[in-house]
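# pasting the structure only:
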């Protein structure tokens, strides 16, 4: 199931490239009953009611480049904000070509739109989570990000990336909460209160982010450097994430298909298999598991999951229609929900 359908929401104002046109219209949107209160027909509310599995739904990315940009964001935030649209488009293009994602971030609450210097975060998620790292620094001009060593970033060469962005230094794990109502109203209505609460807990480690994908799982978040994607988070669970991540862990309460979307650096089937084994073992350490594959098999794929203690599992993953016909995004066309389902083929 894709994150958004192709139809336009007739109740949503026409998109404008003028950042001043992005006003908080979402509090009167038909998919919400007001700030923090989505309507019964909102895409994420329907997903919650169905209990749709989040396994294997993390948007693919080997690495992330994030730039602080206050003020309003449009649907295509890199090109529809107070960041120079040409620069935003170029950074987005370079990230995409190298296998990563470029996104805008801002602090929850008030934020000046044009202040300098700005924070920049560069994270490598790594196919193996033991290789993950995060750099953070201030840039005097956003165009400094063009000097990144993109080839090194795609390979996870932190030393070379750090040399190409001298202001950046190793940083503690960061939590990005999607809040862009121009992508989907659920992200604003449900995400902003969660981001604000998390920011109060750890103001230096929490950001609003322009897009994570998976609107139907709002509120959604990404934990760097591991690229761990979460579904259906709330104020309490963000506290768990912030605390557990300092020791390289994910919260035990967020294991399983309701909350664990997977790690962005893995293909969807491998995301599902790793998350399935993690939940089965109640294994919270990011660096405890690694995957190989997937290998195509009848009606799906097999993925080998290995624990650092030497145990191995083969997990068969299939994409299966779960029954409901739902929109992937508020106001989008509805279509059958497809989930990744996993079963154990072999165990230690």
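The structure has been received and is ready for your questions. Given the structure is predicted, the values throughout are model-derived calculations rather than measurements.

# Wait, residue 38 touches residue 186, no?
Yes - applying C-beta atoms under 8 Å as the test, residue 38 and residue 186 come out as touching, 5.8 Å apart. C-beta: built from backbone N, CA, C; applies to glycine.

# So between these two, which is more surrounded?
For residue 38 versus residue 186, neighbours defined as other C-beta atoms under 10 Å are more numerous around residue 186 (29 against 24).

# that's a helix at that one, yeah?
Yes - Residue 186: assigned to a helix according to DSSP: H, G, I helix; E, B strand; the rest coil.

# Contact partners for it?
Residue 186 makes contacts with 31, 38, 42, 43, 44, 45, 215, 216, 218, 219, 330, as judged by C-beta atoms under 8 Å, 6 or more residues apart in numbering.

# What separation is there between the last one and residue 191?
The reference is to residue 330. According to C-beta to C-beta, to the nearest Å, residue 330 stands 13 Å off from residue 191.

# can you list the weak-confidence ranges in the chain?
1-37, 110-113, 183 (pLDDT under 70).

# if I pick residue 319, what's in contact with it?
Neighbour list for residue 319: 300, 338, 339, 340, 341 [criterion: C-beta under 8 Å, 6+ apart].

# meant to ask about residue 119, not that
67, 68, 105, 136, 137, 138, 139.

# What distance do you get for the third one to residue 199?
As for residue 105, its distance to residue 199 is 12 Å (criterion: C-beta to C-beta).

# for this structure, what spans make up the strands?
Per DSSP state E, the chain carries strands over the ranges 63-68, 101-106, 118-124, 133-139, 169-170, 174-178, 206-209, 221-224, 228-230, 260-263, 289-297, 300-307, 312-327, 334-346.

# With distance to residue 51 added, can I get those in CSV?
What follows is these, written out as CSV (distance: least, C-beta to C-beta, whole Å):
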stretch, distance to residue 51
strand 63-68, 29
strand 101-106, 28
strand 118-124, 31
strand 133-139, 33
strand 169-170, 39
strand 174-178, 21
strand 206-209, 26
strand 221-224, 19
strand 228-230, 16
strand 260-263, 14
strand 289-297, 25
strand 300-307, 21
strand 312-327, 9
strand 334-346, 10
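
# Of those strands, which is nearest residue 195?
Nearest to residue 195, of all these, is strand 174-178, at 3.9 Å by C-beta to C-beta.

# gap between stretch 75-92 and the chain center?
Counting by C-alpha atoms, centre = their mean, to the nearest Å, stretch 75-92 is centred 19 Å from the centre of its parent chain.

# Number the residues from 238 up from this point.
OK, 238 is where the count begins now, so the last one is stretch 312-329.

# buried stuff in it?
Within stretch 312-329, the residues scored as buried using 16 or more other C-beta atoms under 10 Å are 312-320, 322, 324-325, 327-329.

# Those in helices, which ones?
322, 324, 325, 327, 328, 329 (DSSP state H).

# mind listing what the closest residue in space to the fourth one that isn't next to it in sequence touches?
In this case it means residue 327. Setting aside the residues directly before and after it, residue 327 is nearest to residue 383 in space (C-beta to C-beta, 6 or more residues apart in numbering), at 6.9 Å. Residues near residue 383 by C-beta under 8 Å, 6+ apart: 324, 327, 328, 331.

# Tabulate those in CSV, adding columns for distance to residue 556.
As requested, the contacts of residue 383 are exported to CSV (distance: C-beta to C-beta, whole Å):
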residue, distance to residue 556
324, 38
327, 35
328, 32
331, 31
